[in-house]
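A.B. asks: give the three-dimensional model of this entry:
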Amino acid sequence: MNYPVWFVPTFGGGLLIALVAIVHVFVSHFAVGGGLYLVLTERKALREKSAAIMAFVRKHTRFFMLLTMVFGGLTGVAIWFVISLINPAATSLLIHTFVFGWATEWVFFLVEIVALFIYFYTFGRMDDRNHQLIGWIYFGAAWLSLFLINGIIDFMLTPGDWISTHDFWSGFFNPTFWPALFFRSFMSFMLAGCYGFLTATFIEDAALRHRMIRYSGIWALASLILSLPAGWWYLSVLPAPAARLVHGASPTIARASTTGAFSLALLSGLLIALILLSPKARTRVLTALVMITAMGYLGAFEWTREAARRPFVINGVMYSNGLPVSEVSRIDQEGFLQNARWVQNKEVTPANRLEAGRELFLHQCFACHTIGGFNNDIIARTRNMSFTALRGYLATIHDKRYFMPPFAGTDAELQALAAYIAGGLNHKPLTEAAGAGGDHGKELFEANCAACHGADILKPILAGWTQEKIRTGLDRLPSLNPAMPDYTGPPVDKDALAGYLVSLNHPRPQTAAQPAPAAPAAAKGAGLFADNCTACHGLDQIKPALQGWPRAKIRTALDKLSALNPAMPDYGGTAAEKDAVADYLAQQTGGAQ
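C.D. replies: Prediction:
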């Protein structure tokens, strides 16, 4: 509101920050853990009186210095550049709140640079004791830099008592400070081992090469194992809203969690393989995969940490669009445009409605949404919404989707934003008509559902669902999918919405007074399967998994679904219904009776 907007419609601000930040984090954590790796590996060389290991340490130091000091320094500057352009309000608040913390961190960073240069250029020129002392000074300064940055970064997710006290120390030693510090420390040690793989593969002597690969593997695997309880501790202290997002309420975090779990499993397997496999199997391809999966694991954590703050950039203090939480009520009364410094239109008129809406979009939506871009494309998200539906959606957007900030401004400004998105971007008529042909159910769908999934997406999912089943589902949407909020409309609206949804697959929707006829006895199992199972997996997905299962095994499984898969609820039907489902599945999959 108090700063101009750097408009990059295709990439958007969030994606640019993520790309730069994840690369920088992958290098900066190595700058911490790599310092300890260098000192202890040099100590190993001295203890074993191995000139070959010492030569490896020197070469690894050169690689370490170029990567962390040059590339790491450039990406660090890039982060400051990008965040200052994308979210200057949050950047300003962090600088003013922790100015002495930043200053201290920069002092430690200067010590890192000097110590690392001395460490590298005095190999063979300084006595062993003092040379190692310089290495320990480097590692100490690097870890203290992590200590300071960790407090500031995690303040953004859990500011704690700072919200009421504005005390430096309460903000710095926030609720996630200690678990995050342990997690990041172990991650930095793990990355040091992974980078050790990379340089060890270039050792010409085969015996030494495989020895150092195994050494780096033990280092990385032990650190990875130690990071897991720290990560669990971190998740356990998240505030309730963030915890709900992490446990499934945010589609973004769900995707990040899947990536992180896959990367963790693959990384663990690769590390074990590099330790246990024969020397010939320790190839550069495997070490490259280790680096990729390590980046996936750390990147998933960082993405989750960022997304768990939503709808805030600083939790409970400032929304992701840079609007302070304390200012929203006043702006709702006075108007956003009246208070914004970098807009041309100070009020909405019939002549400037679309242009005013565009300025409102840039200041309130562009922090997270692109226009026809790669991430959270606003055109794709609102393609199925009419002007009327979009206007109603924006009025309650924070209630329906907690991770999105509320609209701040007058009703005229809200209508201008809706007009810009519906008319200016999606080229839809800006009429007040309710739904196509006065269809109330369709109007409700557009206002409450179409922002996340269009009718074309829901149609195959709801194939075979009766109106009664759809109506029941509308009363418990979060239990069907944690990312879906409760639908809070009155029963009559839910009835109308259920009627519209069943009409997607049936030209003549059935009403609550005229329920679907019961399925014939021969198709009872198929109907029960459609009602109870197809929301998660269709028959085409089940058939390969059950191929060859005898009917008796299928029937037994229906009594203990949650034991087979914790994500599946137990089937609460009668024994006769379970028999019918087992008969149907055995018939479809070829299982013997």
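
A.B. asks: tell me if I'm right that Ala580 and Gly525 touch.
C.D. replies: Yes: with contact defined as C-beta atoms under 8 Å, Ala580 counts as touching Gly525 (3.9 Å). All C-beta spots, glycine's among them, are computed from the backbone N, C-alpha and C.

A.B. asks: chain center to the helix or strand hosting Ser263: distance?
C.D. replies: Using DSSP states H and E, Ser263 maps to helix 251-276. Helix 251-276 sits 15 Å away from the centroid of its parent chain (C-alpha atoms, centre = their mean, to the nearest Å).

A.B. asks: which strands or helices does that helix pack on?
C.D. replies: Helices and strands touching helix 251-276, by 3 or more C-beta pairs under 8 Å, 6 or more residues apart in numbering; DSSP states H and E, are helix 206-236, helix 284-307.

A.B. asks: can you tell me the closest non-neighbouring residue to Arg310?
C.D. replies: The shortest distance from Arg310 to any non-neighbouring residue, by C-beta to C-beta, 6 or more residues apart in numbering, is to Phe403 (3.8 Å).

A.B. asks: so the one you found, which of the three states?
C.D. replies: Secondary structure, DSSP: H, G, I helix; E, B strand; the rest coil: Phe403 is coil.

A.B. asks: what's the spacing between it and Ile86?
C.D. replies: Noted for Phe403: a distance of 18 Å to Ile86, by C-beta to C-beta, to the nearest Å.

A.B. asks: what does Ile272 give?
C.D. replies: For Ile272, the distance to Ile86 - C-beta to C-beta - is 40 Å.

A.B. asks: neighbour-wise, which of the two wins?
C.D. replies: Neighbours per residue (other C-beta atoms under 10 Å) separate Ile272 from Ile86, with Ile86 holding more: 22 against 12.

A.B. asks: where in this structure is pLDDT low?
C.D. replies: Confidence mapping of the chain against pLDDT under 70 gives the ranges 432-438, 451, 483, 507-523, 527, 530-541, 562, 565-569, 590-593.

A.B. asks: domains in it, as residue ranges please.
C.D. replies: If you go by automatic domain parsing, the domain ranges for the chain are 12-319, 321-432, 437-517, 527-589.

A.B. asks: nearest spatial neighbour of Ile203, chain-adjacent residues omitted?
C.D. replies: Arg209 (3.9 Å).

A.B. asks: the one you found: neighbour count?
C.D. replies: Arg209 has 17 nearby residues by other C-beta under 10 Å.

A.B. asks: please apply the same query to Arg471.
C.D. replies: Neighbour count of Arg471, defined by other C-beta under 10 Å: 20.

A.B. asks: three-state assignment of it?
C.D. replies: With three-state DSSP as the criterion, Arg471 reads helix.

A.B. asks: identify the residue nearest it in space, chain neighbours excluded?
C.D. replies: Ala498 is the one closest to Arg471 (C-beta to C-beta, 6+ apart), at 4.0 Å.

A.B. asks: quick one: contacts for that neighbour?
C.D. replies: When contacts are counted by C-beta atoms under 8 Å, 6 or more residues apart in numbering, Ala498 touches 441, 467, 470-471, 474, 512.

A.B. asks: including distance to Lys459, could those residues go into JSON lines?
C.D. replies: Shown next, in JSON lines, are those (distance: C-beta to C-beta, whole Å):
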{"residue": "Gly441", "distance to Lys459": "14"}
{"residue": "Gln467", "distance to Lys459": "15"}
{"residue": "Ile470", "distance to Lys459": "12"}
{"residue": "Arg471", "distance to Lys459": "17"}
{"residue": "Leu474", "distance to Lys459": "17"}
{"residue": "Ala512", "distance to Lys459": "21"}
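
A.B. asks: what are the ranges of the helices in the stretch 351-500 of the chain?
C.D. replies: 353-364, 378-382, 387-395, 397-400, 411-419, 440-448, 455-461, 467-473, 477-480, 491-503 (DSSP state H, counting those that start in this stretch).

A.B. asks: reformat the ones you listed as a markdown table; add distance to Phe11.
C.D. replies: Below are the helices of the stretch 351-500 of the chain laid out as a markdown table (distance: least, C-beta to C-beta, whole Å):
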| stretch | distance to Phe11 |
| --- | --- |
| helix 353-364 | 15 |
| helix 378-382 | 14 |
| helix 387-395 | 24 |
| helix 397-400 | 23 |
| helix 411-419 | 22 |
| helix 440-448 | 29 |
| helix 455-461 | 26 |
| helix 467-473 | 37 |
| helix 477-480 | 33 |
| helix 491-503 | 36 |
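
A.B. asks: among those helices, which comes closest to Thr165?
C.D. replies: helix 397-400 (26.4 Å; C-beta to C-beta).

A.B. asks: what residues does the closest one touch?
C.D. replies: Helix 397-400 has contacts (C-beta under 8 Å, 6+ apart) with 311, 393, 404-407, 448, 485, 488.

A.B. asks: show me how to select, in PyMOL, the buried members of the residues you listed.
C.D. replies: Only the buried entries of the contacts of helix 397-400 go into this PyMOL selection, using 16 or more other C-beta atoms under 10 Å:
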select buried, resi 311+393+404+405+406+407+448
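
A.B. asks: TSV for the contacts of helix 397-400, including distance to Lys543?
C.D. replies: Formatted as TSV, those follow (distance: C-beta to C-beta, whole Å):
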residue	distance to Lys543
Pro311	42
Tyr393	39
Met404	39
Pro405	45
Pro406	46
Phe407	47
Asn448	35
Pro485	34
Thr488	39
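
A.B. asks: closest one of the contacts of helix 397-400 to Leu191?
C.D. replies: Scanning these for proximity to Leu191, where the rule is C-beta to C-beta, the winner is Pro311, at 31.5 Å.

A.B. asks: isn't that closest one right up against Gly322?
C.D. replies: No: contact status for Pro311 versus Gly322: not in contact, 11.9 Å apart, counting by C-beta under 8 Å.

A.B. asks: give me the buried subset of the contacts of Ala498.
C.D. replies: 441, 467, 470-471, 474.

A.B. asks: looking at those residues, spot the one nearest Phe168.
C.D. replies: Leu474 (48.4 Å).

A.B. asks: what's the neighbour count on the nearest residue to that closest one once chain neighbours are set aside?
C.D. replies: Counting by C-beta to C-beta, 6+ apart, Leu474 lies nearest to Lys494, which is 4.6 Å off, once chain neighbours are set aside. As a burial measure, Lys494 scores 21 neighbours (other C-beta under 10 Å).

A.B. asks: need the contact list for Lys494.
C.D. replies: Lys494 neighbours (C-beta under 8 Å, 6+ apart): 471, 474-475, 487.

A.B. asks: dump these to JSON lines, plus distance to Glu359.
C.D. replies: As requested, the contacts of Lys494 are exported to JSON lines (distance: C-beta to C-beta, whole Å):
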{"residue": "Arg471", "distance to Glu359": "42"}
{"residue": "Leu474", "distance to Glu359": "37"}
{"residue": "Asp475", "distance to Glu359": "40"}
{"residue": "Tyr487", "distance to Glu359": "32"}
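
A.B. asks: tell me the one of those nearest Ile253?
C.D. replies: Of these, the one sitting nearest to Ile253 (C-beta to C-beta) turns out to be Tyr487, at 21.9 Å.

A.B. asks: where's the closest one relative to Ala389, distance?
C.D. replies: Counting by C-beta to C-beta, the gap from Tyr487 to Ala389 is 14 Å.

A.B. asks: which one of these two is surrounded by more residues?
C.D. replies: Using other C-beta under 10 Å as the criterion, Tyr487 and Ala389 rank with Ala389 on top: 25 against 18.
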